[in-house]
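K.L.:
what shape does this take:
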Amino acid sequence: MRSSKPNKSGPHGSLTEPEPSVARPVDRVDQKVAAEHWGPQRQAALVVTVSPSLPMRILLVDDQPSRAALMSEGLSNAGYSVIATLSSPLDLPDAIGVLKPDVIIVDIDSPSRDTLEHVVISTRDEPRPIIMFANEGGRDQIREAMRAGVAAYVVDGVNPQRVGSIIEIAVARFEEFQLLREELANANRALHERKLLERAKGLLMRSRGLSEEDAFKFMRTVAMNRQAKLVDVAQMVIEAG
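P.N.:
Down below sits the predicted model:
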C-alpha cells in the first residue's frame, strides 16, 4: 500500500501543498476503456479525476452528487486522490477491475444488507480497504459490516479534519487482517500437505512392506529424480494407490 500522507518539510520549512485535483470528463483513453467495460450509458455516470501528485487512489461511491463533491473536496484537501465517483455500488466490480483503487469509500445514508454484501463481494477477488460512512448504524449492523470485511464503519457522517486518520486506521486494519488471513491460509496448506504425506507413506508401507522411514525416503528420491515437489509425489502415490 502506498503512502497516503502529503509531503511535508521540516519544522522550520514550508508545507508543500499537493496539486489540486481537476475533475473532468473521461479523456480519450478513459473513454475507450470505459466504453469497453461499461457501455455508453454507464460510462456517462463515471467521473474520473486527474491528480498525478497524490499517491493514494480513492474510489468513492455516493448516490448524492452534492455530498460526493464535498467528500471529494475533503479527501483532496487531506492529501488523497479521488480517481472516480460512482453513483451506485452496482458499478463497483467493473470500476475496481479498470481503475485499481487503493481504498474504496462508500457514503450512503442507510446501507442495506444487499448493498453491504455487494460492496464486499466486489472486492473478493481483489481485496481492498473498504470504508463506509452512514447516517444510520445499529450495533448489529456495524458488527455485520465488520465481519463482512469492512475496515471502518463511521456513523453520522465525517468531519473533514478526521478523514485522514480514519483512512490511515482503516488501511492499517485491512493490512493486518490480510496478513492474518495469509498466515491462516499458509497454516491450512501446510496441514493439508502433511496429511497427504502421511497418507502416502501409509499406502507405501502397506503395499510395499516398507518402514515409515523407507517410505519417506522413497518419495523423496522420486521427487528429486523428477524434480517435483514432495507433496506432488505424495498425491501421485495416493492416486495410484
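
K.L.:
rest of the way, CA atoms for contacts and neighbours
P.N.:
Will do.

K.L.:
would you mind measuring from the closest residue in space to E193 that isn't next to it in sequence to Q178?
P.N.:
In space, and not counting its chain neighbours, E193 is closest to V231: 6.1 Å by C-alpha to C-alpha, 6 or more residues apart in numbering. From V231 over to Q178 the distance is 26 Å, taken as C-alpha to C-alpha, to the nearest Å.

K.L.:
which strand or helix spans the residue nearest to E193?
P.N.:
helix 230-240 (DSSP states H and E).

K.L.:
which outside residues touch that helix?
P.N.:
E193, L196, L197, R199, A200, K201, L203, L204, M219, R220, V222, A223 (C-alpha atoms under 8 Å, 6 or more residues apart in numbering).

K.L.:
export these to a markdown table and tack on secondary structure and distance to R67?
P.N.:
Formatted as a markdown table, the contacts of helix 230-240 follow (DSSP: H, G, I helix; E, B strand; the rest coil; distance: C-alpha to C-alpha, whole Å):
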| residue | secondary structure | distance to R67 |
| --- | --- | --- |
| E193 | helix | 52 |
| L196 | helix | 56 |
| L197 | helix | 58 |
| R199 | helix | 60 |
| A200 | helix | 61 |
| K201 | helix | 64 |
| L203 | helix | 66 |
| L204 | helix | 68 |
| M219 | helix | 64 |
| R220 | helix | 63 |
| V222 | helix | 65 |
| A223 | helix | 61 |
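
K.L.:
please pick the buried ones from these.
P.N.:
By neighbour count, with 16 or more other C-alpha atoms under 10 Å, the contacts of helix 230-240 hold E193, L196, L197, R199, A200, K201, L203, L204, M219, R220, A223 as buried.

K.L.:
skipping adjacent residues, who's closest to the third one in space?
P.N.:
So that's L197. A234 is the one closest to L197 (C-alpha to C-alpha, 6+ apart), at 5.5 Å.

K.L.:
how near is the one you found to A228?
P.N.:
In this structure, A234 and A228 are 10 Å apart, going by C-alpha to C-alpha.

K.L.:
same thing with G74?
P.N.:
In terms of C-alpha to C-alpha, G74 sits 55 Å off from A228.

K.L.:
next one: S122
P.N.:
37 Å.

K.L.:
over to N77?
P.N.:
The gap separating N77 from A228 is 54 Å, by C-alpha to C-alpha.

K.L.:
and the two? which has more neighbours close in?
P.N.:
The neighbour comparison of N77 against A228 (other C-alpha atoms under 10 Å) goes to N77, with 20 against 12.

K.L.:
contact partners for that one?
P.N.:
By C-alpha under 8 Å, 6+ apart, the contact list for N77 is empty.

K.L.:
what's the separation between it and P129?
P.N.:
In terms of C-alpha to C-alpha, N77 sits 20 Å off from P129.

K.L.:
and if you look at A223?
P.N.:
Going from A223 to P129 by C-alpha to C-alpha gives 41 Å.
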